[in-house]
Structures are given as C-alpha cells and as structure tokens.
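S.K.: Fold the following and give me the result.
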Amino acid sequence: MLPLIDQILATAGCGDSPAVRQAIEDACFNQTSFVDAVLDCEGVRERDFLMALAKTLTLPWWEPKEDDKPAEAGIRRLLPAEIALRHRLLPLFTEQAEGGELEDTPRTLHIATFDPLNLVAHQRVAASLSMPVVWHVGPRTRIVEGLQKLYGLGADTFEKILRGRADWGSEDLKDEVTVLDEPEDEEASVVRFVNQIIRRGLDQRATDIHVEPQHDRLRIRYRIDGRLEELPVPENIKSLQASVIARLKIMARLDIAEKRLPQDGRINLELDGTPIDVRVATIPSVEGESVSLRLLAQQQVTLNRLGLTDTIRPVIEELLRLPNGIILITGPTGSGKSTSLYAFLTELNQTHRRIVTIEDPVEYKMPGVVQIAVKPEIGLTFAAGLRSILRGDPNVVMIGEMRDLETTEIAVRAALTGHLVLSTLHTNDAIGGISRLIDMGVEPFLVSSAVRAFFAQRLVRKLCPHCKAPAEVEESYLRSIGFPVQARGKIMRGTGCEACRGSGFQGRLSIYEVVLVTHALQHLINSRAHPAEFMKQAIRDGYIPMRGYGFQKVLSGETTIEEVLSVTSASERPSTPSPIQVPAPTRLAA
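M.R.: The predicted structure is shown next:
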C-alpha cells in the first residue's frame, strides 16, 4: 500500500482494520475512490478520517456552522453543476487576491471536497475555471447537503436539457412535449429529471409531492411526516414547467392537451423491488396546472404497525370479532383513517370470510379481498355499488367513506341484517360521529342499533430514536394542560441528527379515542340527548380522550407534548389524574 495512504490511516486510527485494508485493495483493483471505500466501511468515523486526510495533505478543514453567511449570489454559476455534482465539489466563497482592489484583479474560489485525491476533479475544475482555487476538506454528508441546497435537485440534468436550446419562454406545450421523445442523450432528458424528483421523495419518506406553478418559479414541495418541505431546485426551473407537468401527466395516462379541468390518474412504480402506487391529481390554476402526487407503498398494514396501546388493542380485537354492526373511523383528510381500515381488514382477511370493499379510489390492493373502485361517470357510486355488494353474500363490507344519506342508510341496513361494516366519517372527534349521522338524516334508533363503535384518530410525529433525549418542562405548564406532573421525568425531545435531517422526528404514529355504543349510550341516542350528555356517558363507560391517549405516547417516549397539543383541543384533556392508569372501556352493547 502507498506510504501516503498508510500515513492517513495511521493518523485516523483505522490502519489496523482488516475491513478498511480490504476496501482499499478493492478500490485500487476497481480503480475507484479509496476515500469513498474507507468512508463506507463499518466502524470508520467520517469526521476523524477526513480530518486526518486534511492534516496529512496540509489542507484547511471546512465544516458549516449555524452562523455561516448565506452563499454568495451567483457563486453556483462559477462552477458548472455537472462538474460540482458529479465530483461532489461544493463552491464556498470567493475572495480578492491580497493587495488587489481593482475590479479586474483575479479572485480566488474556495471549494470544499471530501476526496482531495480525485485528480480528475482537479483537472476538470482547472479546465473550467479561469481563476485560482483553494481546496478545503469537509464532511461528505455536509458537502452533499450543501450541493443539494446550492444547486437544487437534478441541476446537472437541467443544464444538459438547456444546453443548445434558446428562447424557452416562447415555447408552447406542444413544443415542450416533443423533447420527451427525442432519442438523444437519455441522461439529459426531462424523463430523468422527473424520475429524480420522485426518487428523492421516496428516499425522504415523503407521502406527497406537490408541483406548484408560481408567478416566477416552479415550486416543488414534499410532505414528510405531515410537514411540507420545499425542495431546492435549479435556477430557471420555470422554463421547464410545461415539460415537467406534461411528463407527469403522460406517466399517469392523463390528457396532456386538457389544461382547463382537473384530472385524476395513477402511476405504478417500483423502488428496490417494492411496488409503489402513485395517485396523481391535477388542478388548473392561474399560473398553470398544479400536480399532486400521493405516494403509497404497497405494503401489508397490520395492527402491530399501528402502535396500539394495551388499552385500545383488546377493544379493537373484540370489535373485529363481532358478526355484525358498523365500526366507524372519524377524522380529517390525511389522519390515517384508510391505513387503520386496511389494518382491520388484514386482521379479518381469512379464508372463511368473504370481504368486499368499495373505495374512491382503491389505495392498497389486498390479496383475497374483492375491491371495487367507484366510477360516478358511469353510474357506479357508493350507493349503487353497495347494493350489488350486498347481493353477493359478503361477511365483511368496507365502504371508503359515508358521504351521503343513501349510502349510510344502505350500510345501516347491511349492519342490521348480519354484515360487519367498516367505514370512515369526517368529524372532529368520536362523539361527533353520533351527531353527524343524525344530521345526515339517519334515525337515532337506527344509529344506536347499527353502530358498535366510533374511533377518532390523528397522526403525530414520532421522536427520532437516534437523537431523543430527556426534556425539561415547567410544572405550571404541565398542570395547565392536564399532564401528570409526577411523570415529567419521562418527557423526551428530539435534538436533531443526520438520520432525521435535523428535525428530531422520524415517521408518524396514530393517537386514538374510542367511544363504544353501550346500552346506556344507546338510550341517550334514542332520546336525542344533547352531545354533552353523550360525552359524560362515554367517560363513565371508560372513554379516554384523544389528548390523554397522546399523553400516554409522550410518557412512553414516542412523541412530544407539542405534537399531541397540535392535533387535539382543550376539550380533549384527560379525564383521569394520570393518563397512565386508565379504566378499561365498558363492554359494548350486544
């Protein structure tokens, strides 16, 4: 092995590692970067190794700080994106030569790299720039992050697309679409650029991708763990707006010539062997068509993945053993209702049961389940489809949503004639489901006879397991929100790390509240009692408000108080002194 490499490894303290030695030999044989090979070895600390590399080569060390000034305007134009992204070179800043104050005095460009031994990168920079360069060594992860922010996703592809083309602003949609079919360099196509956007979203665990035309730019945002985050994109991306939107519409088999009306479609993708179903919706706006992509991984959802507590899970299992009745999950759009319904269906999906669903649209395909997608344009509505389903001898029926009186009445009749019905309803809480059904026109005696339980749920962000740490919270604050002060030592917070991209959170979990329709509650419903009376009776029956359930998740170190408060109201404060010790819900009415 070369003496220089030996010296670097010795300084970094990993020269005796057989894995590192083997990685370097493989890199030399394959003529690839030995720095990448070492950094990919298990047990090698990136920062220590790269600092040893900088020390051995007498190069300055660079690492971003919170108080760093923003990048200079126009600095990304000095180093082409193709070179910067291919060789992972991050331009930092420029400085005037010593003693030079005239405008024509050459400036020096400072560049950060994690592989200063990459001679090809040095040669390409020298050929591209007409100014001196000062090289710095920095962490690989921070350089990659910096490139993403400075150039934007797919900047190298974007440069290739624009190269040799003029007057983009005057081109219409027809001209834009033709570029998709050009047989030239596939790496420089809009196809690749759109694929990068989707792949990046999947890598970031995004649930939605929004492509939104603005007056002077094309904004792309990801919804990650329920929060929208803007994706850095190249300058002048507005000039590719028509091509990007046309490509997405072609992938979803939509009419690219129709820009005045909303359209819906879907894209089937595969990532590392995992099928991904993408629902696509376009909306015409004054600045152009806005496209929303909902990313749905086709993975089996089970009760274990819902993260149910020992209090709620037995209740759900008992409900799913019922031969008939309606189980309703309530909550706003995006609160995970469909995921919970599919988890219930997975539990029920056995050979001796016939399960039929009618949905708008079918989000997850389940083997062994007959699934129907509504098509109002041909008369296949929820009500029409439900009538046909009931003639097909089902044991379990799942209705995507009860949105009108006709559908709800048919579902009630199905529940009263021996079918187990699962569905969703848009209300703010579980108790509100009773009033909602009555307001829709369902007779109270039918509600009390057919419905077995109302679930309400919300999604909160989970603390990152890699960086969560104990949190200090004022006692007065805990008392004001009804949190047990004696348990404040169990409260955790996320400090932020690379695994969670500095947010302190990774993934989401559901919090619930359950109202069982007991005999006492049936009597109140039949007598058209006030909703406040429903709440009092539910509490007597063991009802746990959603905020109390969320506080249990806080005490188990899974989320934060702020996350729970952000999705619950003050009226949902725990009814017991401690959300740890809660009574088991009363058994539901037969």
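S.K.: switch to C-alpha atoms for all contacts and neighbour counts from now on
M.R.: OK.
S.K.: Where does the prediction get shaky in the stretch 201-350 of the chain?
M.R.: 298 (pLDDT under 70).
S.K.: For it, which segments count as helices?
M.R.: 241-251, 313-320, 337-348 (DSSP state H, counting those that start in this stretch).
S.K.: Show me what the second one is packed against.
M.R.: Counting contacts by 3 or more Cα pairs under 8 Å, 6 or more residues apart in numbering; DSSP states H and E, there are no secondary-structure elements packed against helix 313-320.
S.K.: One more pass at 10 Å, please.
M.R.: strand 325-330, helix 337-348, strand 420-425, strand 451-463, strand 505-516 (3 or more Cα pairs under 10 Å, 6 or more residues apart in numbering; DSSP states H and E).
S.K.: need the helices of the stretch 201-350 of the chain in TSV with distance to Arg294, can you?
M.R.: Compiled in TSV, the helices of the stretch 201-350 of the chain are given as follows (distance: least, Cα to Cα, whole Å):
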stretch	distance to Arg294
helix 241-251	13
helix 313-320	28
helix 337-348	13
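S.K.: any chance of those in a markdown table, with distance to His110 and mean neighbour count too?
M.R.: Shown next, in a markdown table, are these (distance: least, Cα to Cα, whole Å; neighbours: other Cα atoms under 10 Å):
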| stretch | distance to His110 | mean neighbour count |
| --- | --- | --- |
| helix 241-251 | 33 | 21 |
| helix 313-320 | 58 | 16 |
| helix 337-348 | 50 | 20 |
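S.K.: which parts of the helix or strand in which Ser388 is found are buried?
M.R.: If you go by DSSP states H and E, Ser388 is part of helix 382-390. Neighbour-count burial for helix 382-390, counted by 16 or more other Cα atoms under 10 Å, picks out 382-383, 385-386, 389-390.
S.K.: Just the closest of those to Met492, please.
M.R.: Met492 lies nearest to Phe382 out of these, by Cα to Cα, at 44.7 Å.
S.K.: Pretty sure that closest one sits against Met402.
M.R.: Yes. Contact criterion Cα atoms under 10 Å: Phe382 and Met402 qualify, at 8.4 Å.
S.K.: shared neighbours of these two, anything?
M.R.: Thr408 (Cα atoms under 10 Å, 6 or more residues apart in numbering).
S.K.: So in this structure, where's the weakest helix or strand by average pLDDT?
M.R.: Every helix and strand of the chain was ranked by mean pLDDT, DSSP states H and E. The lowest is helix 173-178, at a mean of 34.
S.K.: returning to what we had before: now, among the buried residues of helix 382-390, which is nearest to Lys553?
M.R.: Phe382 (36.3 Å).
S.K.: Any figure for the gap between the closest one and Arg403?
M.R.: The gap separating Phe382 from Arg403 is 9 Å, by Cα to Cα, to the nearest Å.
S.K.: Ok, Val370 next?
M.R.: Relative to Arg403, and taking Cα to Cα, Val370 is found at 21 Å.
S.K.: and what of Ser285?
M.R.: Counting by Cα to Cα - Ser285 and Arg403 are separated by 27 Å.
S.K.: between the helices of the stretch 201-350 of the chain, which gets nearest to Ala52?
M.R.: Ranking the helices of the stretch 201-350 of the chain by their distance to Ala52 (criterion: Cα to Cα) puts helix 241-251 first, at 44.1 Å.
S.K.: Next, the contact list for Ile143, please.
M.R.: For Ile143, counting by Cα under 10 Å, 6+ apart, the contacting residues are 62-64, 88-91, 112-114, 137, 149.
S.K.: With pLDDT added, can I get these in JSON lines?
M.R.: Compiled in JSON lines, those are given as follows (pLDDT from 0 to 100):
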{"residue": "Trp62", "pLDDT": "89"}
{"residue": "Glu63", "pLDDT": "85"}
{"residue": "Pro64", "pLDDT": "82"}
{"residue": "Arg88", "pLDDT": "85"}
{"residue": "Leu89", "pLDDT": "88"}
{"residue": "Leu90", "pLDDT": "89"}
{"residue": "Pro91", "pLDDT": "88"}
{"residue": "Ala112", "pLDDT": "90"}
{"residue": "Thr113", "pLDDT": "91"}
{"residue": "Phe114", "pLDDT": "88"}
{"residue": "Val137", "pLDDT": "90"}
{"residue": "Lys149", "pLDDT": "79"}
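S.K.: Looking at the residues you listed, spot the one nearest Thr357.
M.R.: So of these, ranked by how close each gets to Thr357 (Cα to Cα), first place is Lys149, at 44.3 Å.
S.K.: That closest one touches Glu235, doesn't it?
M.R.: No. The pair Lys149 / Glu235 is not scored as a contact, 11.6 Å apart, by Cα under 10 Å.
S.K.: helix, strand or coil for the residue nearest to Ile389 when sequence neighbours are not counted?
M.R.: Leaving aside its chain neighbours, Ile389 sits nearest to Val356 (7.0 Å; criterion: Cα to Cα, 6 or more residues apart in numbering). With DSSP: H, G, I helix; E, B strand; the rest coil as the basis, Val356 sits in strand.
S.K.: thought Gly334 was touching Gly226?
M.R.: Yes. Using Cα under 10 Å, Gly334 is in contact with Gly226, at 8.4 Å.
S.K.: Give me the more crowded residue out of those two.
M.R.: Shown here are Gly334 and Gly226; by other Cα atoms under 10 Å, Gly226 has more neighbours (17 against 12).
S.K.: which other residues reach the host helix or strand of Ile111?
M.R.: Assessed by DSSP H and E, Ile111 sits inside strand 107-113. Contact partners of strand 107-113, identified using Cα under 10 Å, 6+ apart, comprise 50, 60-63, 75, 78-79, 84, 87-98, 100, 121, 125, 129-140, 142-144, 146.
S.K.: Pull out the buried residues from those.
M.R.: The buried subset of these (16+ other Cα under 10 Å) comprises 50, 61-62, 75, 79, 84, 87-94, 121, 125, 133, 135-140, 142-144, 146.
S.K.: tell me the secondary structure for the nearest residue to Ala112 once chain neighbours are set aside?
M.R.: Ranked by Cα to Cα, 6+ apart and with sequence neighbours excluded, the top spatial neighbour of Ala112 is His136, at 4.5 Å. Under three-state DSSP, His136 falls in the strand class.
S.K.: is it true that His136 touches Phe93?
M.R.: No. Under the criterion of Cα under 10 Å, His136 makes no contact with Phe93, lying 11.4 Å away.
S.K.: Where does Arg479 sit: helix, strand or coil?
M.R.: From three-state DSSP, the assignment for Arg479 is helix.
S.K.: pLDDT wise, what is the nearest residue to it once chain neighbours are set aside at?
M.R.: Leaving out its chain neighbours, the residue that sits closest to Arg479 by Cα to Cα, 6+ apart is Val485, at 6.7 Å. Note on Val485: pLDDT of 85.
S.K.: residue contacts, the residue found closest to Pro284 once you drop the neighbours it is linked to in the chain?
M.R.: In space, Pro284 comes closest to Arg260 once its chain neighbours are excluded; the distance is 5.8 Å by Cα to Cα, 6+ apart. Going by Cα under 10 Å, 6+ apart, Arg260 touches 282-285, 288-289.
S.K.: ok, back up a step: with distance to Arg413 added, can I get the buried residues of helix 382-390 in CSV?
M.R.: Below are these laid out as CSV (distance: Cα to Cα, whole Å):
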residue, distance to Arg413
Phe382, 15
Ala383, 12
Gly385, 15
Leu386, 11
Ile389, 13
Leu390, 10
